[in-house]
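Colleague: Okay, here's the prediction I keep looking at, along with the sequence it came from:
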Amino acid sequence: MPREAGSGPGGGPRTPRRAGRVQFLCTECGDSFGQWLGRCPSCNAWGSLKEHRVADALDGPRARRGTTGTVGRTGRAAVVRLGEIPVDSAPRIASGIGEFDRILGGGLVGGSVVLLGGDPGIGKSTLLLQVGGVLTTAGIRTLYVSGEESAGQVRLRSERLHGTAAGLHFLPETDLEAVAAAVEQLDPQVLFLDSIQTAYLSSVASAPGSLAQVRESALAVLNLAKSRGMAAILVGHVTKDGMLAGPKTLEHMVDVVLSMEGERYQHYRVLRCVKNRFGSVHEIGVFEMADDGLREVPNPSKLFLGESTSGAVGSVVVAGLEGTRALLMEVQALVHETRYGMPQRVSTGYDARRLAILLAVLAKRGGVETSQHDVFVSVAGGLRVEEPGVDLGILLAVASSRLDRPPHPKMLVLGEVGLGGEVRRVSHPEWRLSEAARLGFTRALLPAANARDLGASREGIALSGVQAVAEALGEGLQRREGTGS
């Protein structure tokens, strides 16, 4: 007997499929579309649209309700005049770890959300556990929520930190509704969530870590923090390219974005501030990884110059500016006649495209040709520098190795190099010179415009102002013995 239309395999009514609507979410800008496109129409990013399922009417009222109705929302906001809003005079929450407070602008702000990203094993969880331990010791209610590690694993790490986090409240949970219930009960001033990729909301019909789940979970934590005046720190995963995993809207939602970096075979970690609504951006904090956790490095310039070969051929000390901190670092260059058909250009810690521009300027404006030579440039210690104020130091190191002429000892080099061979001024030279004076430098090669503003000497350092690359080569490099060059 034939089955009636709409009947199931046993002749009964067919159960409707709970497929939901399929949309495509852009990982760069977070916009969604009804069909897949090779390029996002909103931000023009190629290959950024990823498929995800959106709950429809078949999923019931719970799925349609969304996240903001269950987590973090306390009521509708009222319209007020901007001048009538009271200025919050509550002090920042200082973590007690100077390098961490420095990049935050003085400490955590109540109601703010901080996103901390970094490679696996770099020390994100260790840092948060140390911060949580210090805050708890200072009498600040803190809740540490971990969705990646069990209570036993976190306890073992706490013992490695000499039990400094023994009084920290801990919750092994991934369901944000359960986390919200714990927050309601404990009423913490600071919340740690490790990580946002493992957190989920049952009202979102996606797996934990998916684009929709990460976005909605972050929005729920944001609402929870803002409504209670609670500071929240979220740990975020990174992709193989080093970018924060998830939709780009994740970075737009939060107030502060921190990135922890470090070379695999180096014992120090650099914490960078990429975004900060309450302080200066591009600040850095330097830590040393030890058996008992992360230790602060209050004088990173001394650390990175501890084995400096300043004054040797191809070695120049430059001063980069990271936020409000001047950081001295050593730049090394090696130029050797090529054995291959195509000369190599290898750069570590410095932009390779910028290096190619400097080599062209050095040949055209300085008369030092490297077209038949391999050029290797490295920022010693595994640091990465992007500021154009170190251009002249890079160029001088390459010229020193190519001409086999050492730079003057105890000399600091500052300056941006233009395509016409001119040496442009740098910002805040006084900060850089003060840091150099503390480390015993006696001479500085810098743009003539900066030298005119500062005078003949500053902080006990003799200043040599230069206007062009050719002049910088004559002032910065020593003459070879027995020759007039």
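Modeller: Now that the structure is in, tell me what you want to look at. Residues are numbered from 1 along each chain as shown.
Colleague: For the stretch 1-150 of the chain, which segments count as helices?
Modeller: Ranges of helices within the stretch 1-150 of the chain are 60-65, 98-104, 124-137, based on DSSP state H, counting those that start in this stretch.
Colleague: so which of the ones you listed comes closest to residue 335?
Modeller: Residue 335 lies closest to helix 98-104 among the helices of the stretch 1-150 of the chain, at 36.7 Å (C-beta to C-beta). For the C-beta atoms, the positions are set from N, CA and C on the backbone; glycine is no exception.
Colleague: that older thread, tell me the most buried of the helices of the stretch 1-150 of the chain?
Modeller: helix 124-137 (a mean of 23; mean count of other C-beta atoms under 10 Å).
Colleague: That one - contacts with which helices or strands?
Modeller: strand 113-118, strand 142-146, helix 151-160, strand 190-194, strand 231-236, strand 293-296 (3 or more C-beta pairs under 8 Å, 6 or more residues apart in numbering; DSSP states H and E).
Colleague: That helix versus strand 190-194: what angle between them?
Modeller: For helix 124-137 against strand 190-194, the angle by axes from the mean of the first three to the mean of the last three C-alpha atoms, to 10 degrees is 160 degrees.
Colleague: Need the CA coordinates for helix 124-137. CSV is fine.
Modeller: The C-alpha coordinates for helix 124-137 follow below in CSV (Å, rounded to 0.1, in the frame of the first residue of the first chain):
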residue,chain,number,x,y,z
LYS,A,124,48.6,33.3,28.9
SER,A,125,47.1,31.1,31.6
THR,A,126,50.2,31.4,33.8
LEU,A,127,50.0,35.2,33.6
LEU,A,128,46.3,35.3,34.5
LEU,A,129,46.8,32.9,37.4
GLN,A,130,49.5,35.1,38.7
VAL,A,131,47.4,38.3,38.3
GLY,A,132,44.4,36.5,39.9
GLY,A,133,46.6,35.4,42.9
VAL,A,134,47.9,39.0,43.5
LEU,A,135,44.4,40.4,43.2
THR,A,136,43.0,37.9,45.7
THR,A,137,45.8,38.6,48.1
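Colleague: Can you check what angle separates it from strand 113-118?
Modeller: 140 degrees.
Colleague: ok so, going back, what would the helices and strands packed on helix 124-137 look like in JSON lines with mean pLDDT and mean neighbour count?
Modeller: Below are these laid out as JSON lines (pLDDT from 0 to 100; neighbours: other C-beta atoms under 10 Å):
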{"stretch": "strand 113-118", "mean pLDDT": "94", "mean neighbour count": "25"}
{"stretch": "strand 142-146", "mean pLDDT": "95", "mean neighbour count": "25"}
{"stretch": "helix 151-160", "mean pLDDT": "88", "mean neighbour count": "14"}
{"stretch": "strand 190-194", "mean pLDDT": "95", "mean neighbour count": "26"}
{"stretch": "strand 231-236", "mean pLDDT": "95", "mean neighbour count": "26"}
{"stretch": "strand 293-296", "mean pLDDT": "88", "mean neighbour count": "19"}
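Colleague: what stretches of the stretch 101-250 of the chain score poorly on pLDDT?
Modeller: 163 (pLDDT under 70).
Colleague: So what's the residue count around residue 386?
Modeller: 12 (other C-beta atoms under 10 Å).
Colleague: tell me the secondary structure for it?
Modeller: Following DSSP: H, G, I helix; E, B strand; the rest coil, the label given to residue 386 is coil.
Colleague: Verify the assumption that residue 472 is located in a strand.
Modeller: No - looking at residue 472 with three-state DSSP, it is helix, so not inside a strand.
Colleague: wait, doesn't it sit right on residue 466?
Modeller: Yes - between residue 472 and residue 466 there is a contact at 4.4 Å, judged by C-beta atoms under 8 Å.
Colleague: May I have the phi/psi pair for residue 285?
Modeller: phi -130, psi 140 (degrees, to the nearest 10).
Colleague: what's the closest non-adjacent residue to it?
Modeller: For residue 285, ignoring the flanking residues on the chain, the nearest one in space by C-beta to C-beta, 6 or more residues apart in numbering is residue 99 at 3.3 Å.
Colleague: Hmm, the one you found is touching residue 272, no?
Modeller: No - taking contacts as C-beta under 8 Å, residue 99 lies outside contact range of residue 272: 11.5 Å.
Colleague: related to what we said a few turns ago, tabulate the helices and strands packed on helix 124-137 (JSON lines), appending distance to residue 410.
Modeller: Listed next are the helices and strands packed on helix 124-137 as JSON lines, based on distance: least, C-beta to C-beta, whole Å:
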{"stretch": "strand 113-118", "distance to residue 410": "36"}
{"stretch": "strand 142-146", "distance to residue 410": "47"}
{"stretch": "helix 151-160", "distance to residue 410": "41"}
{"stretch": "strand 190-194", "distance to residue 410": "45"}
{"stretch": "strand 231-236", "distance to residue 410": "42"}
{"stretch": "strand 293-296", "distance to residue 410": "28"}
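Colleague: the domain parsing of this protein - what is it?
Modeller: In terms of domains, the chain is parsed into 21-65, 92-298, 303-476 (source: automatic domain parsing).
Colleague: now those domains in a markdown table, with distance to residue 71?
Modeller: A markdown table is the format used below for the domains of the chain (distance: least, C-beta to C-beta, whole Å):
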| stretch | distance to residue 71 |
| --- | --- |
| domain 21-65 | 11 |
| domain 92-298 | 4 |
| domain 303-476 | 34 |
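Colleague: Please enumerate the strands of the stretch 201-350 of the chain.
Modeller: Ranges of strands in the stretch 201-350 of the chain, per DSSP state E, counting those that start in this stretch, are 231-236, 256-261, 268-276, 284-290, 293-296, 315-322, 325-337, 345-348.
Colleague: and the ones you listed as JSON lines, adding distance to residue 303?
Modeller: Below are these laid out as JSON lines (distance: least, C-beta to C-beta, whole Å):
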{"stretch": "strand 231-236", "distance to residue 303": "26"}
{"stretch": "strand 256-261", "distance to residue 303": "15"}
{"stretch": "strand 268-276", "distance to residue 303": "7"}
{"stretch": "strand 284-290", "distance to residue 303": "7"}
{"stretch": "strand 293-296", "distance to residue 303": "11"}
{"stretch": "strand 315-322", "distance to residue 303": "14"}
{"stretch": "strand 325-337", "distance to residue 303": "10"}
{"stretch": "strand 345-348", "distance to residue 303": "18"}
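Colleague: closest to residue 204 out of the ones you listed?
Modeller: When the strands of the stretch 201-350 of the chain are compared for distance to residue 204 using C-beta to C-beta, the nearest one is strand 231-236, at 16.8 Å.
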